[in-house]
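>>> Just a sequence and a predicted model for now, questions to come.
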Amino acid sequence: MPLPPANPSTTPPQTSPSYWGNYSDSLMPTLNGVVDYVNEARVRLQDQVSPYRYLDQELVNALNFTLLQTARFRSDLFVYNFRARGQIQSFILNPLTNAPDNTYVDIDPQFRGAIVDGICGVAMMRDQEDFADARSTSFLNLFMQGLIGKGGLGPVVGGAGPGRPG
Amino acid sequence: MSEEPCQEALEILASAKALLMGASDNHLVITLHRTFKEFFDDSNCWTENIGIMVVPNTLDYPIRPITGEIIRLQAVLDQNNVLQPAVLLQDLETLHFLYPYNNVQPMTAIVSKNVTSPYREGKPFVPFVLKEIYRNYGIGILDGLVGWMMSDDGQSYSNQAKGMGRLMRFRNTIAKARTSASHMNTLGGQSWAYPQGFRVTSQKGGVSTFNMNPSPITAR
């Protein structure tokens, strides 16, 4: 894709050639494909070192559940896509690599962060420790706020860790 | 004629997005389309003159606008600017004269238009509208778009009170557009077919009251 003219007031960084690209759709590089969502969720879940606490399959499932919830709160993000007949996307692991791939997740850029929060919240729901419950709830609240909230996002909260009640 | 969205359309969408926290692009485009639908349907301010060549023994003539789609017929004028009795059939693309003509002659159908489908390749796309419409009524159209959006329930941008206010301003713009269109965009001008009470030709009820000695002024 040819780059648009550089903004004369600033110099676009050489390390990011798409910096001045079209960010309104699938060309937006941030949180573009399934693997981007899974990787970002692992950062927030502090689960970046193999063997993973949350399997790739589990996080992709969490993405699918999150999209289902998103369609409930913000159906306008899906129903107008006649190419997909208004259906909600659903993903699987790449059959060849058995890992998340770059399949595009068709979500407006301004809601992609909320989707990651939703993935984290859904993933942490399986845990039973008090701090994980609170943190999961916090992520799900962030997810809701990102989709239909009116104000700013609240802080990520959580209780003390296991063995340190209170 | 290019159907790419003009700068004015993009500016309205950008303004609406800035006013409506959390609005999705697709919903904005669809709602803009809905706003235009109401605007043009109630104001009849987007018109096109379509030339037709009338031939003997033919009553039906297909008409097609260059842009937009026809919603109703305003008038049919012959080459002497005299109104001719005709109706628009149900398909909104066929002009039907009530009476046949003996001579080949050019006529002009004046039609009201509205926006076409807001989709391109399965995705919402900004509907094409003449940029002159934005020049005259851009602020009112923004009011309509934002008002419609704010009237949605359960969204971060929902605001019933402000939405109502915006929609009232939008309705005011529609009224102004309707008046302006009937005066052919003249300030303080008379109606397009003045004086209405003394018109000597009429299409009311599809019944022609043909004037034997029409004056070109009558139809203008």
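The structure has been received and is ready for your questions. Numbers count the residues shown, from 1 in each chain, chains lettered A, B, ... in the order given.

>>> so when I look at B:Leu167, I'm seeing a helix, right?
Yes. Judged by DSSP: H, G, I helix; E, B strand; the rest coil, B:Leu167 forms part of a helix.

>>> Leaving aside the residues adjacent along the chain, what's closest to it?
B:Gly147 (3.7 Å; CB to CB, 6 or more residues apart in numbering or on different chains). Where you see a C-beta, it was placed from the backbone N, CA and C, and this is true even at glycine.

>>> okay, now the residue lying closest to A:Phe82 once chain neighbours are set aside: neighbour count?
With CB to CB, 6+ apart as the criterion, A:Phe82 has its nearest non-adjacent residue at 4.1 Å, and that residue is B:Gly122. B:Gly122 sits with 12 neighbouring residues when counted by other CB atoms under 10 Å in any protein chain shown.

>>> ditto for the one 5 residues further on
B:Pro127: 24 surrounding residues under other CB under 10 Å.

>>> And the nearest residue to it once chain neighbours are set aside, its phi and psi?
Leaving aside its chain neighbours, B:Pro127 sits nearest to B:Val115 (4.0 Å; criterion: CB to CB, 6+ apart). Backbone geometry at B:Val115, expressed as degrees, to the nearest 10, gives phi -70, psi 150.

>>> circling back: for the residue nearest to A:Phe82, give me its contacts.
The contact partners of B:Gly122, by CB atoms under 8 Å, 6 or more residues apart in numbering or on different chains, come to A:Asn81, A:Phe82, A:Arg83, A:Ala84.

>>> Thought B:His27 was touching the first one, still the case?
The reference is to A:Asn81. No. Contact criterion CB atoms under 8 Å: A:Asn81 and B:His27 do not qualify, at 11.6 Å.

>>> These two: which has the busier surroundings?
The residue with more neighbours, out of A:Asn81 and B:His27, is B:His27; 23 against 17, by other CB under 10 Å.

>>> quick one: the helices in chain A?
Assigned by DSSP state H, the helices in chain A fall at A:34-45, A:56-73, A:112-124, A:130-148.

>>> of all those, which lies closest to B:Pro56?
Closest to B:Pro56 of the helices of chain A is helix A:56-73 (CB to CB; 59.9 Å).

>>> For B:Asn114, see how far away the residue nearest to B:Leu167 is.
From B:Gly147 across to B:Asn114, the span is 19 Å (CB to CB, to the nearest Å).

>>> got the residues of chain B near chain A?
Residues of chain B lying close to chain A by CB under 8 Å from any CB of the partner chain are B:21-22, B:24-27, B:29-30, B:119, B:121-124, B:154-156.

>>> Can you convert the helices of chain A into a markdown table and add a column each for mean neighbour count and mean pLDDT?
Putting the helices of chain A into a markdown table (neighbours: other CB atoms under 10 Å in any protein chain shown; pLDDT from 0 to 100) gives the following:
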| stretch | mean neighbour count | mean pLDDT |
| --- | --- | --- |
| helix A:34-45 | 20 | 96 |
| helix A:56-73 | 19 | 96 |
| helix A:112-124 | 24 | 95 |
| helix A:130-148 | 19 | 87 |
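
>>> re the thing from before, host element of the residue nearest to B:Leu167?
helix B:131-150 (DSSP states H and E).

>>> That helix: how far from the chain's middle?
Helix B:131-150 sits 15 Å away from the centroid of its parent chain (CA atoms, centre = their mean, to the nearest Å).

>>> mean confidence for that helix?
Mean pLDDT, computed over helix B:131-150, is 95.

>>> what does stretch B:157-177 give?
Averaged across stretch B:157-177, pLDDT comes to 96.

>>> List the buried residues of it.
Neighbour counts over stretch B:157-177 (16 or more other CB atoms under 10 Å in any protein chain shown) mark B:Tyr157, B:Ser158, B:Asn159, B:Gly163, B:Arg166, B:Leu167, B:Arg169, B:Phe170, B:Arg171, B:Thr173, B:Ile174, B:Ala177 as buried.

>>> how far away is the most centrally placed residue in chain A from B:Asn136?
For chain A, A:Val116 is the residue whose C-alpha lies nearest the centre (CA atoms, centre = their mean; 2.4 Å). Distance of A:Val116 to B:Asn136, given as CB to CB: 44 Å.

>>> just B:Leu145 next, same as before
From B:Leu145 to B:Asn136 the distance is 16 Å (CB to CB).

>>> Check B:Gly51 too.
To B:Asn136, B:Gly51 is 25 Å away according to CB to CB.

>>> quick one, which of these two is more surrounded?
B:Asn136 (17 against 9).

>>> Tell me if I'm right that the more buried one and B:Thr173 touch.
No. Using CB under 8 Å, B:Asn136 is not in contact with B:Thr173, being 9.2 Å away.

>>> OK, contacts around the residue lying closest to A:Phe65 once chain neighbours are set aside?
Setting aside the residues directly before and after it, A:Phe65 is nearest to A:Val122 in space (CB to CB, 6+ apart), at 5.0 Å. A:Val122 is in contact with A:Ala62, A:Phe65, A:Thr66, A:Leu140, counting by CB under 8 Å, 6+ apart.

>>> contacting residues around the residue of chain A found nearest chain B?
Residue nearest to chain B within chain A: A:Arg83 (3.3 Å; CB to the nearest CB). For A:Arg83, the contact set (CB under 8 Å, 6+ apart) comprises B:Glu121, B:Gly122, B:Lys123.

>>> how about CSV for the buried residues of stretch B:157-177, with secondary structure added?
Formatted as CSV, the buried residues of stretch B:157-177 follow (three-state DSSP):
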residue, secondary structure
B:Tyr157, coil
B:Ser158, coil
B:Asn159, coil
B:Gly163, helix
B:Arg166, helix
B:Leu167, helix
B:Arg169, helix
B:Phe170, helix
B:Arg171, helix
B:Thr173, helix
B:Ile174, helix
B:Ala177, helix
